[in-house]
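Visitor: Quick one, what's the 3D model for this:
(chains A and B)
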Amino acid sequence: MNKNLNSVVISMRRILFTMLLALLIGAVCILCIKQNPLEAYAALVRGAFNGKLRIGNTLASFTPLLLTSCAFVIAAKAGAFNVGVEGEVFLGGIAAAYIGINWTFLPAPLLMAACFAGAMLVGALWAFIPGALKAYFNVSEVCVTILMNSVAVYITSYLVNGPMSAGVANSQSKPVNVTLPQFMIPSSANVGLFIAVAVVVFVIFMLYRMRFGYKIRVVGTNPQFAEYAGINPKKVFIQSMMVSGAIGGLAGCIEILGVHGYFLDNFAYNLGTNGMLAALIVKSNIVFTPVVAFFLAILHSGAMGMQQATGVPKSIVDTISAIFIIFATMETLFQPKAGHVLKFFTSKRTSKREAVK
Amino acid sequence: MNWETIFNTSLVYATFRSATPIIYAALCAAITQKADILNIGTEGIMLTGAFFAVAVSFLTHSWILGVVVAMAAGLVISMIMAVGHIRFKADICAIGMGINLFAIAITKFLLNSVLGKRGTFSDPGIVPIPRVHIKAFDSIAVLNTLFNNWAVTEWLVIVLIIVIWFVFYKTKWGLHLRAVGQFPMAAQTAGINVTAIKYEAIAISGLIGGLAGAHLSLGYSALFTENMTNSRGFMGVAAMFFGNADPVWTSVGCLVFGFADSVGNRLQAHGWPSQIVLLMPYAVTIAVLAVSMASKIYADRRKKSSLLSAAA
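Guide: Just a heads-up that it's a prediction; the model follows:
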């Protein structure tokens, strides 16, 4: 237990150092365009937390990130690098919108359930493709999922501009007939947040207390051993991709039913990508992932306020989170002992010494 | 539908034209792949190159400087990836994606703050890469449509394919590179500096990736748009898988994607919805990649079984 706690402290410290470093580099960028970084960061925090509306919107932007990061983690536990969550969110959204608009013969609770089921099914089927291609033909899932994201975005864009168009100037669909109740009005926070939290709790339980989660982790750690132990790694790999896709679809459904109320072209831009960011920063540790997802949600929902209050463009936020991830992926940076950045500068000497040993 | 307006001689150049940026990207990915490093960051390297090419060309009115700075920017970005991956043991997919996101963000940031533009930057002050006009071809219609007015970098890509093929298979460095990729321990035992080779591979890949971006923004077009690479880098990586990192076959794969792209553009004139046309190259890429990997596995299996039956 003590050892466990120790590793938690070490990884927390790592995350904190990396976060500070990223914010520092961000500050340098802001200085370069002759603005005050402290002012910008203060405006960012104000933009995220000042008033009920802003807090609500921060929570609303936290909801999809929670789900998409969780979706990425599940796939990662089985050894997959599922960049396709983005596309799954889009397709889940369009499926939910289609059902919500057209299946009016169902009573409201059933219609809601149908929306969720439809979105999750579509997401799962979409994720089945790269999963199966990787498992059976060894096609790089990174490459396929990224390309499939573009395909998904274009498909939804075609539908919302063509067959499903509401016929107004914006490319959007007709309103859906069932929505998730909102709270903290006028912000777009909605009960989807609680659904998302429940899903994450369930996923943690599944990964560490259920047979299926165990199978996923075994396959992710050592597929050969899994096969020897009687687990079919290919099947589990595909299943985990499908679960990941289903959660992605769920995120899209919540966005449509909870935030927008209709399908809006390009509505989920970067939701999947930012979820992936959150997961990558903590190396798919599912307990820390929501924390980072929340941090990213603050950055993103505060960005607009910062852009309006100061002269700093909101793209600085994406820059900071990208720097965050680049440093966070460097495993041996900020190592507990002797490590530190100093090591980099004295690298030649140390590597020689290591060679002598 | 009139087929002749879609399939005619000018389609050959249209295919090559849309394939060229992907070929550059694929070569960028192929070099590191030979050292067994999957260059997911191709997209980001390319995007950074594209931005700096346009920015420098606009500020200095020199396309050569633009290309050089783009290559340098590609080198810098790729070196971040190299240091992260080799020195600090970052997972290559993770840091590659980080690089891609960083490139999208930083180019957007610089576009907003330095050039003061949002979305797209196009200006008559941007000097594009010149096109080669061969007077002798003017009178011969076929040669004129096929070979005239290529951008310099479009001719250059053919040279580059040959050079890289030569380097891979005919030079000592290429042999070392492939040895590092196939069996790093054996390579080290043979006295090859594995780390140095990996750094060199990523560095060269960065230079080519920067060139890919410069071609995209200054040769293929003369503007910069946020995220203008639009997954071309990943198509390049897909082509690299298709061609097994062999420069010639990789380029053939790119031509297939370029073909899908240019046929799509022509179909749009026949009333096909633009979104369907736009998704075609991506769908074709996935399909081609899946089929090629499946057939590779099938071929491997057959090879193995023939060995077994020979032994028996």
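Visitor: Show the low-confidence segments of chain B, by residue range.
Guide: In the predicted model of chain B, residues B:1, B:307-312 satisfy pLDDT under 70.
Visitor: where exactly do the helices run in it?
Guide: Here chain B has its helices, by DSSP state H, at B:9-34, B:42-60, B:63-82, B:92-113, B:141-147, B:152-170, B:172-182, B:184-189, B:194-214, B:232-242, B:247-268, B:274-311.
Visitor: Could you do the stretch 151-300 of chain A as well?
Guide: Per DSSP state H, counting those that start in this stretch, the stretch 151-300 of chain A carries helices over the ranges A:192-209, A:211-221, A:223-228, A:233-254, A:271-281, A:289-309.
Visitor: For B:N144, list the residues it contacts.
Guide: B:137-138 (CB atoms under 8 Å, 6 or more residues apart in numbering or on different chains). Heads up, the C-betas are built off the backbone N, CA and C, glycines and all.
Visitor: what's the answer for A:V287, then?
Guide: Applying CB under 8 Å, 6+ apart, the residues near A:V287 are A:I204.
Visitor: which one of the helices of chain B lies closest to A:A48?
Guide: Nearest to A:A48, of all the helices of chain B, is helix B:92-113, at 18.6 Å by CB to CB.
Visitor: Measure how the closest one sits relative to helix A:271-281, angle-wise.
Guide: Angle of helix B:92-113 versus helix A:271-281, following axes from the mean of the first three to the mean of the last three CA atoms, to 10 degrees, is 120 degrees.
Visitor: counting contacts, what elements does helix B:92-113 pack onto?
Guide: The contact analysis (3 or more CB pairs under 8 Å, 6 or more residues apart in numbering or on different chains; DSSP states H and E) places helix B:92-113 against helix A:271-281, helix A:315-329, helix B:42-60, helix B:63-82.
Visitor: Dump these into TSV; add distance to A:G26 as well.
Guide: Compiled in TSV, the helices and strands packed on helix B:92-113 are given as follows (distance: least, CB to CB, whole Å):
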stretch	distance to A:G26
helix A:271-281	15
helix A:315-329	4
helix B:42-60	18
helix B:63-82	16
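Visitor: among the ones you listed, which is nearest B:L11?
Guide: helix B:42-60 (25.2 Å).
Visitor: what's the spacing between that closest one and its chain's center?
Guide: In terms of CA atoms, centre = their mean, to the nearest Å, the centre of helix B:42-60 is found 14 Å from the chain centre.
Visitor: Which of the residues in it are classified as buried?
Guide: B:42-58 (16 or more other CB atoms under 10 Å in any protein chain shown).
Visitor: tell me the angle it makes with helix B:194-214.
Guide: Using the same axes, to 10 degrees, helix B:42-60 lies at 50 degrees relative to helix B:194-214.
Visitor: Check which helices and strands helix B:42-60 sits against.
Guide: helix B:9-34, helix B:63-82, helix B:92-113, helix B:194-214, strand B:224-225, helix B:232-242.
Visitor: Which neighbouring elements make contact with the strand or helix carrying A:A119?
Guide: Counting by DSSP states H and E, the element that carries A:A119 is helix A:108-137. Packing contacts for helix A:108-137, counted by 3+ CB pairs under 8 Å, 6+ apart, involve helix A:85-102, helix A:141-161, helix A:233-254, helix B:274-311.
Visitor: Mean neighbour count, these: which tops it?
Guide: Of these, the one with the most neighbours on average (mean count of other CB atoms under 10 Å in any protein chain shown) is helix A:85-102, at a mean of 29.
Visitor: Low-confidence ranges, the stretch 251-357 of chain A, go.
Guide: A:335-357.
Visitor: Up against chain B, what does the stretch 151-300 of chain A have?
Guide: A:151, A:154-155, A:157-158, A:161-162, A:273, A:276-277, A:280 (CB under 8 Å from any CB of the partner chain).
Visitor: Pick the one among the residues you listed closest to B:V132.
Guide: A:Y154 (34.6 Å).
Visitor: how far away is that closest one from A:V160?
Guide: In this view, A:Y154 and A:V160 are 11 Å apart by CB to CB, to the nearest Å.
Visitor: got it, and A:I25?
Guide: 38 Å.
Visitor: right, and A:A71 touches A:M241 too?
Guide: No. Counting by CB atoms under 8 Å, A:A71 does not reach A:M241; the two are 9.8 Å apart.
Visitor: so what sits against both of those two?
Guide: A:N82.
Visitor: center of chain B - which residue?
Guide: B:A25 (1.2 Å; CA atoms, centre = their mean).
Visitor: which residues sit in contact with the closest residue to it other than its chain neighbours?
Guide: Spatial nearest neighbour of B:A25, chain neighbours left out: B:G236 (2.8 Å); criterion: CB to CB, 6 or more residues apart in numbering or on different chains. The contact partners of B:G236, by CB under 8 Å, 6+ apart, come to B:22-29, B:42, B:46, B:212, B:254.
Visitor: and the gap between B:G236 and A:N270?
Guide: 22 Å.
Visitor: worst-scoring helix or strand of chain A, pLDDT-wise?
Guide: helix A:347-356 (a mean of 44; mean pLDDT, DSSP states H and E).
Visitor: For chain A, which residues score under the pLDDT cut-off?
Guide: Residue ranges of chain A with pLDDT under 70: A:1-3, A:335-357.
Visitor: Nearest residue to residue 100 in space, please, no chain neighbours.
Guide: You didn't say which chain, so I picked chain A. A:V176 (3.1 Å).
Visitor: Oops, wrong one, chain B.
Guide: B:G44 (3.9 Å).
Visitor: can you tell me which residues contact residue 276?
Guide: You didn't say which chain, so I picked chain A. A:68-69, A:72, A:82-83, A:85, B:97.
Visitor: wait, chain B
Guide: The neighbours of B:I276, taking CB under 8 Å, 6+ apart as the test, are A:154, A:158.
Visitor: now swap in B:Q188 and tell me
Guide: By CB under 8 Å, 6+ apart, B:Q188 lies in contact with B:V194.
Visitor: and the gap between it and chain A?
Guide: 12 Å (CB to the nearest CB, to the nearest Å).
Visitor: thinking again about what came up before, enumerate every residue touching the residue nearest to B:N100.
Guide: Neighbour list for B:G44: B:77, B:96, B:99-104, B:233 [criterion: CB under 8 Å, 6+ apart].
Visitor: Derive a ChimeraX selection command for the buried subset of these.
Guide: Selecting only the buried entries of those in ChimeraX, with 16+ other CB under 10 Å as the criterion:
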select /B:77,96,99,100,101,102,103,104,233
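Visitor: circling back: could you dump the residues of the stretch 151-300 of chain A next to chain B to a markdown table with distance to B:Q188?
Guide: Shown next, in a markdown table, are these (distance: CB to CB, whole Å):
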| residue | distance to B:Q188 |
| --- | --- |
| A:V151 | 42 |
| A:Y154 | 46 |
| A:I155 | 48 |
| A:S157 | 50 |
| A:Y158 | 52 |
| A:N161 | 56 |
| A:G162 | 58 |
| A:T273 | 37 |
| A:M276 | 34 |
| A:L277 | 35 |
| A:L280 | 30 |
